[in-house]
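# Take this sequence and fold it.
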Amino acid sequence: MFVQSSKPRKQRKFRFTAPHHFRQRFVHAHISKELATKLGIKRRTIAVRKGDTVKVMAGAQKGKSGKVQSVDMLKGRITIEGIARKNMKGKERFIPISSSNIYLIELDLTDKLRVAKIDESKVSAKAATTK
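Next comes the predicted model:
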């Protein structure tokens, strides 16, 4: 599924030339322990979507949290409400943050398919532990 080589050049090439369905994996983020236990999720990461609440763990914006404004799969960056700076003209621009520097505090569960997928992963995790 992903690149098999350990060579940095080939890994960089894979990330820059990856198709969109592979790029979805690049915008996954860690789940907070409280949220994982509340929802019963065994996975470490889950896809970030617009409407999720996240907290920044690294960088100049460390410690800030807010709702996800947009997810840019092409660049692998996420913009968060409340984390912005003014440009030269005085207009506010959202600061793009890498998904590796954030973790999920709260999920947007308005999408029935997403809820079903989370429930499905719970069932598959239980089946894997019983074998």
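# longest helix of the protein?
The residue-count maximum for a helix in the chain (DSSP state H) belongs to helix 112-130.
# residues contacting the residue lying farthest from the centre of the chain?
Of all residues in the chain, residue 89 sits farthest from the chain's C-alpha centroid, using CA atoms, centre = their mean; the distance is 31.0 Å. Residues near residue 89 by CB atoms under 8 Å, 6 or more residues apart in numbering: none. No exception for glycine: its C-beta is placed from N, CA and C like everyone else's.
# how far away is it from residue 80?
22 Å (CB to CB, to the nearest Å).
# Then residue 4?
34 Å.
# neighbour-wise, which of the two wins?
Neighbour count, other CB atoms under 10 Å: between residue 4 and residue 80, residue 80 has more, with 24 against 8.
# does the more buried one really touch residue 99, like I thought?
No. In this structure residue 80 lies outside contact range of residue 99 using CB atoms under 8 Å: 11.1 Å.
# Assign residue 50 to helix, strand or coil.
Classification of residue 50 using DSSP: H, G, I helix; E, B strand; the rest coil returns coil.
# Who are the contact partners of it?
Contacts of residue 50 (CB under 8 Å, 6+ apart): 68, 69, 70, 71, 108.
# One more pass at 6 Å, please.
residue 68 (CB atoms under 6 Å, 6 or more residues apart in numbering).
# Which parts of the chain are helices?
8-17, 20-23, 33-39, 112-130.
# How many residues are close by residue 37?
Neighbour number of residue 37 under other CB under 10 Å is 10.
# where does the chain have low pLDDT?
Judged against pLDDT under 70, the low-scoring parts of the chain cover residues 1, 125-126, 131.
# Can you list the strands that the longest strand along the chain pairs with?
Longest strand of the chain, by residue count under DSSP state E: strand 65-72. According to DSSP bridges, strand 65-72 forms sheet pairs with strand 53-56 (antiparallel), strand 77-80 (antiparallel).
# Rebuild the ones you listed as a markdown table, extending it with distance to residue 28.
Below are those laid out as a markdown table (distance: least, CB to CB, whole Å):
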| stretch | distance to residue 28 |
| --- | --- |
| strand 53-56 | 12 |
| strand 77-80 | 11 |
